[in-house]
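J.: Have a look; sequence and predicted model below, questions after that.
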Amino acid sequence: MIVSIPAIVAAAGLSTRMGATKALLDAGGRSFLARILGAFQAGGADPVLVVVRDPLGEVAAAALREGGVVVENPDPGPGPISSLQAGLRALPKDAVGAFFTPADHPLFLPGTVGALLAAFLDESAPIVAPTYRGRRGHPVIFHRTLFPELLEEDLPDGARSVVQRYLCGRMEVPVEDPGILADIDTPADYRHHFS
């Protein structure tokens with residue numbers, strides 16, 4: 001039997017540093033969001049939940065076109081943690097874990113998703129993260145045992161507050177995928193990757 005786990009994509013931010021909606025930016029012929037959903041789907045994540053500010057807006061429409069499931073986050077002010085929490089609340093009840101990535105990381109490969117999924121299913125670590133040349137990136141997988149902690153109200157550093165508690169149990173998966181490190185937040189970042 002093929003086992004998959006869901007993915008959560010945080011796409012509810014205002015993209016103030018970029019000056020344009022990051023999820024809809026072109027990333028080599030496809031939008032950031034299309035590339036992320038494509039990588040998750042090809043790598044074995046199912047379903048892919050896209051957390052948006054406006055369930056009737058452009059990002060939601062793009063998510064639906066690409067086969068995503070739209071989840072609303074009406075108050076993304078606290079940052080990506082609020083979208084992660086909205087996604088966790090919308091997960092299938094039997095989810096054993098969940099991938100997570102922000103929408104500004106569009107370049108990771110399907111093979112990375114598959115490698116993380118295989119490692120997670122083999123080891124069942126609380127956190128599984130990819131590394132490229134010793135540096136950690138996205139997406140990550142959180143085991144369901146961490147969901148209650150990730151849903152806590154007082155997480156001053158967002159998900160990092162929980163990650164710090166499990167550094168000893170975290171599993172790192174080396175991948176030949178520099179895309180895991182591509183955090184595209186500003187116009188300068190965008191030009192670096194796509195000019």
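T.: Cool, the structure landed. Numbers count the residues shown, from 1 in each chain.
J.: quick one: residue 12 and residue 76 touch, right?
T.: Yes - with contact defined as Cβ atoms under 8 Å, residue 12 and residue 76 form a contacting pair (3.9 Å). Backbone N, C-alpha and C define where each C-beta goes, glycine included.
J.: what's the nearest residue to residue 147 once chain neighbours are set aside in contact with, if anything?
T.: Spatially, and ignoring its direct neighbours in sequence, residue 147 is nearest to residue 88 (5.4 Å; Cβ to Cβ, 6 or more residues apart in numbering). Residue 88 makes contacts with 8, 98, 147, 150, 151, as judged by Cβ atoms under 8 Å, 6 or more residues apart in numbering.
J.: measure the fourth one to residue 114 for me?
T.: According to Cβ to Cβ, to the nearest Å, residue 150 stands 24 Å off from residue 114.
J.: Show me which of those two is the more surrounded one.
T.: residue 150 (20 against 16; other Cβ atoms under 10 Å).
J.: now the helix or strand harbouring residue 117, how far from the chain's geometric center?
T.: Applying DSSP states H and E as the criterion places residue 117 in helix 110-123. Centre-to-centre, helix 110-123 and its host chain are 14 Å apart (Cα atoms, centre = their mean, to the nearest Å).
J.: State the next helix or strand along the chain beyond that helix.
T.: Next element after helix 110-123 (DSSP H and E): strand 127-132.
J.: same for that next one, what does it pack against?
T.: On a contact count with 3 or more Cβ pairs under 8 Å, 6 or more residues apart in numbering; DSSP states H and E, strand 127-132 meets helix 110-123, strand 140-143, strand 171-174.
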